[in-house]
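*Asks:* Sequence and predicted structure are below.
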Amino acid sequence: MRECYDVPRPRPADRPWLGLCMVSSLDGSTVVDARSAALSNPVDAEVLHTLRDIADMIIVGASTVRVEGYGPPRKAGQRVGVVSRRGDLATDTPLFTSGAGFLILPEDAAEVPVPSVRGGRGTIDFAAVLGQLDVDYVQAEGGATLNAALVEQDVLDELDLTISPQLAGGDGPRLTVGAAPVLRAMRLAHLAEDQGFLFSRYVRDR
């Protein structure tokens, strides 16, 4: 599976290439009981870890960090940017005490006791934030509100989406929540199947 994802990603002129890795049920839910693990399988986990190994940096929403229990990344030197509008989350966890974690905040958010990258006022300007990151490939890992902001602000270059062969029901969040209506053309770069799971990679149609 690695050969499907370890491919050239041309860096845009003013920011890193930004990919999003997600899993969803057949009816579109990205979580079951607030977590994504029930929708996954070993190959999906392999895809996630492959993309993490390839990525220079990870960004993820604060709620996802809390629920999924993010710790330091296994890739040496890799950093994890935690997206928060207010910065009101615990920074004494291993993710931050290891030095791997930093916060992504609006410019007018309160001061925080860990490194931060800031852009926008009241809400985060992701183009401005990404433009400050001196890396080539950033992977986003949700949640749905972060995904929505990336889509709405038109900074997403790649979507790596696993479709789990399960119906989840409930009112769990879909891939994006809260974005204004948009149409962004994406091109299917590959599609693979394992035990009913579909593994797709879409890239921005430039």
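*Replies:* Structure received.
*Asks:* buried residues in the lowest-mean-pLDDT helix or strand in the chain?
*Replies:* Using mean pLDDT, DSSP states H and E, helix 2-5 stands out as the lowest-scoring helix or strand of the chain, at a mean of 85. Going by neighbour count (16 or more other C-beta atoms under 10 Å), the buried part of helix 2-5 is 4, 5. (Glycine included, C-beta is placed from N, CA and C.)
*Asks:* What strands line up against whatever helix or strand comes next after it, and which way round?
*Replies:* Following helix 2-5 in sequence order, the next helix or strand is strand 17-24 (DSSP states H and E). Sheet pairing of strand 17-24 (DSSP bridges) gives strand 137-140 (parallel), strand 158-163 (parallel).
*Asks:* Can you list the neighbours in contact with strand 17-24?
*Replies:* 9-11, 30, 36, 39-40, 44, 47-48, 51, 55, 130, 136-142, 147, 150, 155-164, 174-175 (C-beta atoms under 8 Å, 6 or more residues apart in numbering).
*Asks:* Now with 6 Å, please.
*Replies:* Strand 17-24 is contacted from outside by 9, 11, 30, 36, 39-40, 44, 48, 51, 137-142, 155-162, 164, 175, using C-beta atoms under 6 Å, 6 or more residues apart in numbering.
*Asks:* Please apply the same query to stretch 76-89.
*Replies:* Here stretch 76-89 has contacts from 57-59, 61-62, 65, 100-105, 109-110, 112, 146, using C-beta under 6 Å, 6+ apart.
*Asks:* for the record, mean pLDDT for that stretch?
*Replies:* Averaging pLDDT along stretch 76-89 gives 95.
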